[in-house]
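1. Below is the sequence, then the predicted model.
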Amino acid sequence: MRIMKCLAIFVVFCASAVVAQTPTAPSAKAPAPAQQPPTAENTLKTQTRLIAIDVVVTDSHGAPVRGLKKEDFQIFEEHNRQQDIAQFRFVDRSATPAVPAGPITPVASPTLFTNAVSADRSIAPTVLLMDSLNTEMSNQMQVRQHMLSLLRTLPPTTPVAVFSLGHTLHIVQSFSTDPKILRDAINRTLRDVPIDQNPQDDASSPSNQALDWNGGQETQAIQGLEDFEAMTYEAQMALRVDETIDAMSEIAKYLGPMPGRKNLIWFSEAFPIWIEPSSDFGTDPFIGSAAYSDKVHAAAEALTDARIAVYPVDAKGLSVDQLYSTTQNPHINEQNPGAGFGAQISRQNTQHLDAQATMDNIAETTGGRSCKNTNDLSGCVQTALNDGSVYYELAYYPQGINWDNRFHKITVKTTEKGAKLAYRRGYFAVEPKGPAAQETPEALLKQACMNPLPSTSIAVSVQPIAPQQAADAPAAARYLLTVSPTGLTLDPALGVRQMGLEMAICEFDPQGSSFQIFTRDLSRPVPDDLYKNYQDHGIRNIFDYGAKPEDQRLRFAVLDTPSGTVGSVDVPAHPTEFATVPGVPAAAPASASAAGPAPVKQPVQIITKINFKGSAGGSSSLDWSSGTLTYHGDLGIDQGAPAFFNSLYGEKFQCREGSLVSKDAASTAKPSFLFTFHSPTGTGALVELGGDAPAYSGNLQVDASGRAFFDYLWKLCHCQHP
């Protein structure tokens, strides 16, 4: 009668826990997980009313200036109000030896998937972002060649990640120092995303074709058509802007929990910071015009709070002007002054300058620098690496300011003569709010799976290890999960440390648009000897998981329940390469020892029928072997459903105050109300009884008799009398 998704757990360094499953949820944007508690290197995390500033100080030759003191700096807000510096620290990563590897060894490989950054803190982590959403394919090709050349000039210990932005943001390669892995990732960044052309310069636009037919003469009908095209173009541009800004915010969430300053190298043609009014197009110059400076400021603020310095690289600066390319088809209509060749050149140059203004704005606000009108890409990136190695951390509590939700400009000055400063240029003065209601662990884990990027507040690694083979069924994939204790709340309570840790495995459909989530509670007391083990090796667990054949990706997520901090990492659902981990059996269970109980074989089975037999004779079945989930037989649902309920929950759970709870008062185990049914033909149904009514999904049909069975079972699960 076992019909649940196979999700077996074997603990290497701690005891096993009871499963609690939550329902399927569609992908959606979710708020950022709680921030990681400050570490020795991350003492200036931006907090409510505390404004942190990383200041890069260089001399006239571009060399870093060392040895400045707190009294050598002044901070001013708008209207020349000087602020008191509350915190000060000089960071010199170039003189800092590499930090020894801890429980997580962040070395990317085909058999290790991790959200951790290299333990070498001497070089700032750097993300290379190929922005296909805002960059023509021909320029992407140029950028790719420059990126590949760049890898040959980077210091060999530079932790680099490769991201790609289309209509969605993707991690092509997590942080790695392996040049081959990074080269392969760069070769996978190209995306052919159509970019809408200004209709005024598009020879195929209906208005320009109408002008050609009408000898270049404007009419009221043509002007009305131009108005419509201008509004459509602005709407399309607004969508591009929103998708880019959302991507920047997600990158801020992803990199924010990592300590210290980080670099984002943004390869893009960007988007104009505004669409200017046009007196030569349509009936009203302001139709289709727009300004995006507020959205750009919001993205820059999120990146700045995450201590990410942005170095935009103008993709057009790495190629020829596209107007003169033979692949372009400029619209030439000298009878209309607004559609002439010279006017088109002017508009293109203006749009290019406006896009560079967007780059300059984000770079200046975050403390980075723009790389434009140059092919010296290695020099631009080397500047980013140098800036991230030597800088000053300043922080202050704003005094005498109005929390008006507006952007407030910051000015930093130094008494060092001839010094140049690079730093964040301001912040949004948002009135601090009281603490929000604590979300449930299930909701936080769902959010971790909904986020486009994994969460990094807790360092997590997952290694596929060779599965155990079963003679009569295919083996589930086997994974070793290692969680760093650094991001967990393990403070002693009543003399014994308590670990509040929950985890989830989210299985995504082939399109990545929806997922099923299966959770476990791994909370437990942590005595001193186990705590020492955690510090040395991390918190390690082995999971067997049987994913559907068509699904390709899983996301492992862990949650520190006291703080709401989350860490997650993506892994293949059907790995083909396996790690060999010391102390962990590759294919056969080990004998029980102090390290933990031996794994128990749990093969994946396809069950297609559950039979019920009455004590006085008669039988019935819950049957989905024929492609439809039905209930049939001599026993009524009022007998079959209670028997099914008692077999699943009767031993460990009981009704109390209208809810099904554990019979063990000390247990935190929760009942699972999620059922998965798979037929031999490959169809499947998911039945969720945890909500206000039974919910059905999947392509396996549930007929009226099956729904009546689950209606009855739902009432039992919610302690109601049918």
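-> Structure received.

2. Go through the longest helix along the chain and flag the buried ones.
-> The residue-count maximum for a helix in the chain (DSSP state H) belongs to helix 220-255. By neighbour count on 16 or more other C-beta atoms under 10 Å, the buried set for helix 220-255 is 222, 225-227, 229-230, 233, 237, 240-241, 243-255. To be clear about C-beta, it is placed using only N, CA and C from the backbone, and glycine gets the same treatment.

3. Helices along the stretch 551-700 of the chain, start to end?
-> For the stretch 551-700 of the chain, helices defined by DSSP state H, counting those that start in this stretch occupy the ranges 637-649.

4. right, I mislabeled it, should have said the stretch 51-200 of the chain
-> Ranges of helices within the stretch 51-200 of the chain are 137-151, 179-186, based on DSSP H, counting those that start in this stretch.

5. Using a markdown table, please lay out those together with mean neighbour count.
-> What follows is the helices of the stretch 51-200 of the chain, written out as a markdown table (neighbours: other C-beta atoms under 10 Å):
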| stretch | mean neighbour count |
| --- | --- |
| helix 137-151 | 18 |
| helix 179-186 | 17 |
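
6. what residue ranges in the stretch 551-700 of the chain are flagged as low confidence?
-> In the predicted model, the stretch 551-700 of the chain carries pLDDT under 70 at residues 581-607, 678-684, 697-699.

7. didn't Y423 look like it was pressed against V55?
-> Yes: using C-beta atoms under 8 Å, Y423 is in contact with V55, at 4.4 Å.

8. Please enumerate the shared neighbours of those two.
-> With contacts defined as C-beta atoms under 8 Å, 6 or more residues apart in numbering, the residues shared by Y423 and V55 are G367, V412.

9. neighbour count winner among those two?
-> Set side by side, Y423 and V55 show more neighbours around Y423, with 22 against 19, by other C-beta atoms under 10 Å.

10. pLDDT wise, what is that one at?
-> Looking at Y423, its pLDDT stands at 87.

11. From L50, how far out is it?
-> For Y423, the distance to L50 equals 16 Å [C-beta to C-beta, to the nearest Å].

12. residue ranges for the strands of the stretch 51-200 of the chain, please.
-> 51-58, 73-77, 81-83, 87-92, 113-114, 126-131, 160-165, 169-176 (DSSP state E, counting those that start in this stretch).

13. Please render those strands as TSV that adds mean pLDDT and distance to T304 to the earlier fields.
-> Shown next, in TSV, are the strands of the stretch 51-200 of the chain (pLDDT from 0 to 100; distance: least, C-beta to C-beta, whole Å):
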stretch	mean pLDDT	distance to T304
strand 51-58	88	9
strand 73-77	92	15
strand 81-83	86	17
strand 87-92	88	16
strand 113-114	87	26
strand 126-131	92	15
strand 160-165	92	19
strand 169-176	86	19
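
14. I'd like these as JSON lines, with distance to S484 appended.
-> Converted to JSON lines, these look like this (distance: least, C-beta to C-beta, whole Å):
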{"stretch": "strand 51-58", "distance to S484": "24"}
{"stretch": "strand 73-77", "distance to S484": "35"}
{"stretch": "strand 81-83", "distance to S484": "36"}
{"stretch": "strand 87-92", "distance to S484": "22"}
{"stretch": "strand 113-114", "distance to S484": "10"}
{"stretch": "strand 126-131", "distance to S484": "21"}
{"stretch": "strand 160-165", "distance to S484": "18"}
{"stretch": "strand 169-176", "distance to S484": "15"}
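
15. Any idea which of the ones you listed gets closest to D305?
-> D305 sits nearest to strand 51-58 of all these, at 8.0 Å, using C-beta to C-beta.

16. so what does that closest one touch, helix or strand wise?
-> With contacts taken as 3 or more C-beta pairs under 8 Å, 6 or more residues apart in numbering; DSSP states H and E, strand 51-58 sits against strand 390-396, strand 411-414, strand 420-422.

17. Excluding chain neighbours, what is closest to Q639?
-> G614 (6.2 Å; C-beta to C-beta, 6 or more residues apart in numbering).

18. Next up, the contacts around the one you found.
-> So G614 contacts D634, L635, Q639 (C-beta under 8 Å, 6+ apart).

19. are any of those residues buried, and which?
-> For these, a burial check counting by 16+ other C-beta under 10 Å picks out L635, Q639.

20. Quick check: which of the strands of the stretch 51-200 of the chain is nearest to P312?
-> Minimum separation from P312 across those (C-beta to C-beta) falls at strand 126-131, 9.2 Å.

21. got a list of contacts for that closest one?
-> Contact partners of strand 126-131, identified using C-beta under 8 Å, 6+ apart, comprise 140, 143-144, 147, 158-165, 186, 189-191, 244, 251, 255, 262-270, 315, 381, 384-385, 388.

22. check contacts around G633.
-> Counting by C-beta under 8 Å, 6+ apart, G633 makes contact with F612, G618, S619, S620, S621, G640.

23. Give me the number of neighbouring residues for the third one.
-> Okay, so that is S619. Neighbour count for S619, taken as other C-beta under 10 Å: 12.

24. Looks like it contacts K613 (just checking).
-> Yes: counting by C-beta under 8 Å, K613 is a contact partner of S619 at 4.8 Å.

25. what is in contact with these two at once?
-> The contact sets of S619 and K613 overlap at L635 (C-beta under 8 Å, 6+ apart).

26. which residues touch the nearest residue to L522 once chain neighbours are set aside?
-> Among residues not flanking L522 along the chain, L501 sits closest, at 4.4 Å (C-beta to C-beta, 6+ apart). Neighbour list for L501: V483, L488, D521, L522, S523, I539, V558, L559, D560, T561 [criterion: C-beta under 8 Å, 6+ apart].

27. how deep is S174 tucked in, by neighbour count?
-> S174: 24 neighbours (other C-beta under 10 Å).

28. what sits against it?
-> So S174 contacts A108, F113, T114, N115, A161 (C-beta under 8 Å, 6+ apart).

29. Looking at these, which is nearest F710?
-> When those are ranked by distance to F710 (C-beta to C-beta), F113 comes first, at 36.9 Å.

30. Just grab the bridge partners of the closest one for me.
-> Applying DSSP bridges to F113 gives these bridge partners: V462.

31. so it touches V571, yeah?
-> Yes: if you go by C-beta under 8 Å, F113 and V571 touch, sitting 4.7 Å apart.

32. what's the overlap in contacts for those two?
-> The contact sets of F113 and V571 overlap at V462 (C-beta under 8 Å, 6+ apart).

33. how close does the residue of the chain most remote from its centre sit to D634?
-> Distance from the centre of the chain peaks at A616, with 57.0 Å (C-alpha atoms, centre = their mean). Between A616 and D634 the computed distance is 10 Å (C-beta to C-beta).

34. With Y534 instead?
-> For Y534, the distance to D634 equals 55 Å [C-beta to C-beta].

35. Now stretch 291-308 - C-alpha only, CSV.
-> The C-alpha trace of stretch 291-308 is given here as CSV (Å, rounded to 0.1, in the frame of the first residue of the first chain):
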residue,chain,number,x,y,z
ALA,A,291,11.5,57.4,-18.2
TYR,A,292,13.1,54.5,-16.4
SER,A,293,15.5,56.2,-14.0
ASP,A,294,13.4,55.2,-10.9
LYS,A,295,13.6,51.5,-11.9
VAL,A,296,17.3,51.8,-12.6
HIS,A,297,17.8,53.4,-9.2
ALA,A,298,15.8,50.6,-7.5
ALA,A,299,18.0,47.9,-9.2
ALA,A,300,21.2,49.7,-8.3
GLU,A,301,20.0,50.0,-4.7
ALA,A,302,19.3,46.3,-4.4
LEU,A,303,22.8,45.5,-5.8
THR,A,304,24.5,48.1,-3.6
ASP,A,305,22.8,46.7,-0.4
ALA,A,306,24.1,43.3,-1.4
ARG,A,307,27.6,44.8,-1.8
ILE,A,308,27.8,44.1,-5.5
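
36. Contacts for that stretch next, please.
-> The contact list for stretch 291-308 (C-beta under 8 Å, 6+ apart) reads 46, 52, 54, 238, 241-242, 244-245, 248-249, 251-253, 255-256, 260-264, 271-275, 310, 358, 361-362, 365-367, 407, 424, 426-428.
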